[in-house]
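J.: next input, structure requested:
(2 chains)
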There are 2 protein chains.
Amino acid sequence: MNRIITISREFGSGGRTIGKKVAEQLGIPCYDEELINRLAEASGMSEDFVKENSEYTVSGNWFANALAGRNMYGHSPQDDLWRIQSKIIYELAEKGPCVIVGRCADYLLRGKADCLTVFIHADPKFRAKRIVEVYGEREEAPLKRVKDKDKRRKAYYQFYTDSTWGDAENYHIALDSGVLGIDTCVDLIKRLY
Amino acid sequence: MNRIITISREFGSGGRTIGKKVAEQLGIPCYDEELINRLAEASGMSEDFVKENSEYTVSGNWFANALAGRNMYGHSPQDDLWRIQSKIIYELAEKGPCVIVGRCADYLLRGKADCLTVFIHADPKFRAKRIVEVYGEREEAPLKRVKDKDKRRKAYYQFYTDSTWGDAENYHIALDSGVLGIDTCVDLIKRLY
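T.: Predicted coordinates:
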């Protein structure tokens, strides 16, 4: 298998930007959740379904849906999406060296590919400020947006991997992008590759 | 205040060795728990008391003692040791740039000193192998020694800092020394200093 960098990140920490910069500087592709969702759609799932059931959903209560929407086999539509996204990640990892941002790729590829697993985090206040700069103002207060998204990602990770999101033990390197700065994070990851 | 590197580490991860190497290469002192305990003894606590009540105790159940040995003010001998060790860490941090290994220094100096906070971890099997190489065989199986010590350090950290030991958010950088190697960890930390 190929050398892959997986990046898990807190919302607003700049993890996606770091992933893109690392990939650019190393001359390898970067796959983020948006792209993985597009691939899931291409595999036959409707765009609306993917949006509604993705970790990325903004309005819905993903976790409640994932628990409530199960059929008699304890199986939910979210599980279908999870399975398709997992398959996509395995295929991307087999294609060649790349950066994969989000989607529990660290968990999925553990022991299956030669991976460097990275976690990017930062103080919630730093992230709240950053999301307004990057994504613009919303009705909801930025700090609340950050905390809600953290909660959802944590639940999602716990639900599908049975381990704790943000636990240092799950990653080869975890970095505070707020204190260290995005470019320093990019440099350190490149150095380890 | 001065530029300090604090290193928290899982038992057997090589965190102390990394701290010593970083300090040596930067030309600054490294204070580990052994030294901080010696300073606590110098401040009037008996060697036996320090040994018995330190996070480092091998045979005793530190956590049970810390909860059971409280007087009517909810105060235990472990709390005295904690207070004295905290005072020692503040004084060391004021003296000049240094590396401090263990003793919740990351928590104690948060917001009080210009710190780089580091967490070093590794797979339990890697650590079990390493402690036999470094500290020799004991009656107890190495993997059990590693897990017991982790448990104790986790409880100690939680008890005095009210936050979770090993949670990536508590550290500027967390590194897997088993995968990355001790010298790579030393290089990355030096680079950030």
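J.: three-state assignment of A:Leu175?
T.: Under DSSP: H, G, I helix; E, B strand; the rest coil, A:Leu175 falls in the strand class.
J.: what about the strands in chain A?
T.: Per DSSP state E, chain A carries strands over the ranges A:3-9, A:30-31, A:98-101, A:114-121, A:173-176.
J.: could you dump these into CSV and include mean neighbour count and distance to B:Val146?
T.: Any C-beta I mention is one placed from the backbone N, CA and C, and that applies to glycine too. What follows is the strands of chain A, written out as CSV (neighbours: other C-beta atoms under 10 Å in any protein chain shown; distance: least, C-beta to C-beta, whole Å):
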stretch, mean neighbour count, distance to B:Val146
strand A:3-9, 25, 25
strand A:30-31, 22, 36
strand A:98-101, 26, 31
strand A:114-121, 23, 21
strand A:173-176, 28, 21
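J.: and those strands: which comes nearest chain B?
T.: The minimum distance between chain B and the strands of chain A falls on strand A:173-176, with 3.8 Å, by C-beta to the nearest C-beta.
J.: follow-up on the earlier one: with mean pLDDT and distance to A:Met45 added, can I get the strands of chain A in a markdown table?
T.: Formatted as a markdown table, these follow (pLDDT from 0 to 100; distance: least, C-beta to C-beta, whole Å):
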| stretch | mean pLDDT | distance to A:Met45 |
| --- | --- | --- |
| strand A:3-9 | 94 | 23 |
| strand A:30-31 | 94 | 17 |
| strand A:98-101 | 95 | 19 |
| strand A:114-121 | 95 | 26 |
| strand A:173-176 | 98 | 32 |
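J.: need these in JSON lines with distance to A:Gly136, can you?
T.: Formatted as JSON lines, the strands of chain A follow (distance: least, C-beta to C-beta, whole Å):
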{"stretch": "strand A:3-9", "distance to A:Gly136": "19"}
{"stretch": "strand A:30-31", "distance to A:Gly136": "23"}
{"stretch": "strand A:98-101", "distance to A:Gly136": "21"}
{"stretch": "strand A:114-121", "distance to A:Gly136": "21"}
{"stretch": "strand A:173-176", "distance to A:Gly136": "25"}
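J.: now those as CSV including distance to chain B?
T.: Formatted as CSV, the strands of chain A follow (distance: least, C-beta to the nearest C-beta, whole Å):
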stretch, distance to chain B
strand A:3-9, 10
strand A:30-31, 22
strand A:98-101, 17
strand A:114-121, 5
strand A:173-176, 4
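J.: and of those, who's closest to B:Ile189?
T.: Of all those, strand A:173-176 sits nearest to B:Ile189, with 11.5 Å by C-beta to C-beta.
J.: isn't A:Ile189 up against A:Lys20?
T.: No. Checked against C-beta atoms under 8 Å, the pair A:Ile189 and A:Lys20 is beyond contact range at 11.8 Å.
J.: for those two, indicate the residue with more neighbours.
T.: A:Ile189 (24 against 17; other C-beta atoms under 10 Å in any protein chain shown).
J.: tell me the contacts of the nearest residue to that one once chain neighbours are set aside?
T.: Spatial nearest neighbour of A:Ile189, excluding adjacent residues (C-beta to C-beta, 6 or more residues apart in numbering or on different chains): A:Val22 at 5.1 Å. Residues near A:Val22 by C-beta atoms under 8 Å, 6 or more residues apart in numbering or on different chains: A:5, A:30, A:99, A:186, A:189-190, A:193.
J.: and what of A:Thr6?
T.: A:Thr6 is in contact with A:99-101, A:105-106, A:109, A:115-118, counting by C-beta under 8 Å, 6+ apart.
J.: what about the closest residue to A:Ile28 other than its chain neighbours, how many neighbours?
T.: Counting by C-beta to C-beta, 6+ apart, A:Ile28 lies nearest to A:Pro97, which is 4.7 Å off, once chain neighbours are set aside. Other residues lying near A:Pro97 total 18 when counted by other C-beta under 10 Å.
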